[in-house]
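K.L.:
structure here, sequence nowhere to be found:
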């Protein structure tokens, strides 16, 4: 099992791939932008290619970012989806929230006690609701 870690102030995602003996490779760093406030992440297959992708929430940017896997353990640059709200997300969960057999995301805003649902409507794309 591999490991993914976020760095809030730096806006980076660190991916550690695991060797067969249980140790980890050095991290590969993916950037969401300085001071985006990368707070939380989750994994799932968001574009139905049987590869594990990563979704993260960016507190200061009021958005989510999706990292699609290439298939060799590396990821494409982040695709960001804005809420167009003063959202400030703290955490993200994934699931099929509208029963269309596609993974959706939901972001939680702790300060406002609210949720923003990101429905998966196309090949790895989201719209906020």
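P.N.:
Perfect, I can see it now. Values in this document were obtained by computation on a predicted structure and should not be read as measured data.

K.L.:
residues in contact with the residue sitting nearest the centre point of the chain?
P.N.:
In the chain, the C-alpha nearest the mean C-alpha coordinate belongs to residue 55, at 1.3 Å (CA atoms, centre = their mean). By CB atoms under 8 Å, 6 or more residues apart in numbering, residue 55 lies in contact with 41, 42, 43, 44, 46, 64, 65, 66, 67, 92, 94, 105. For every residue, glycine as well, the C-beta is placed using N, CA and C.

K.L.:
the first one reaches residue 15, doesn't it?
P.N.:
What that stands for is residue 41. No - distance between residue 41 and residue 15: 10.3 Å, which falls outside the contact criterion (CB atoms under 8 Å).

K.L.:
between the two, which contacts overlap?
P.N.:
Here residue 41 and residue 15 share the contacting residues 4, 54, scored by CB under 8 Å, 6+ apart.

K.L.:
so which strand or helix has the nearest residue to residue 71 once chain neighbours are set aside?
P.N.:
Nearest residue to residue 71, sequence neighbours excluded (CB to CB, 6 or more residues apart in numbering): residue 51, at 5.5 Å. Residue 51 is part of no helix or strand when elements are defined by DSSP states H and E.

K.L.:
list the buried ones in the helix or strand where residue 56 lies?
P.N.:
For residue 56, the host element (DSSP H and E) is strand 53-58. Neighbour counts over strand 53-58 (16 or more other CB atoms under 10 Å) mark 53, 54, 55, 56, 57, 58 as buried.

K.L.:
okay, now the sheet partners of that strand, with direction.
P.N.:
strand 38-44 (antiparallel), strand 63-67 (antiparallel) (DSSP bridges).
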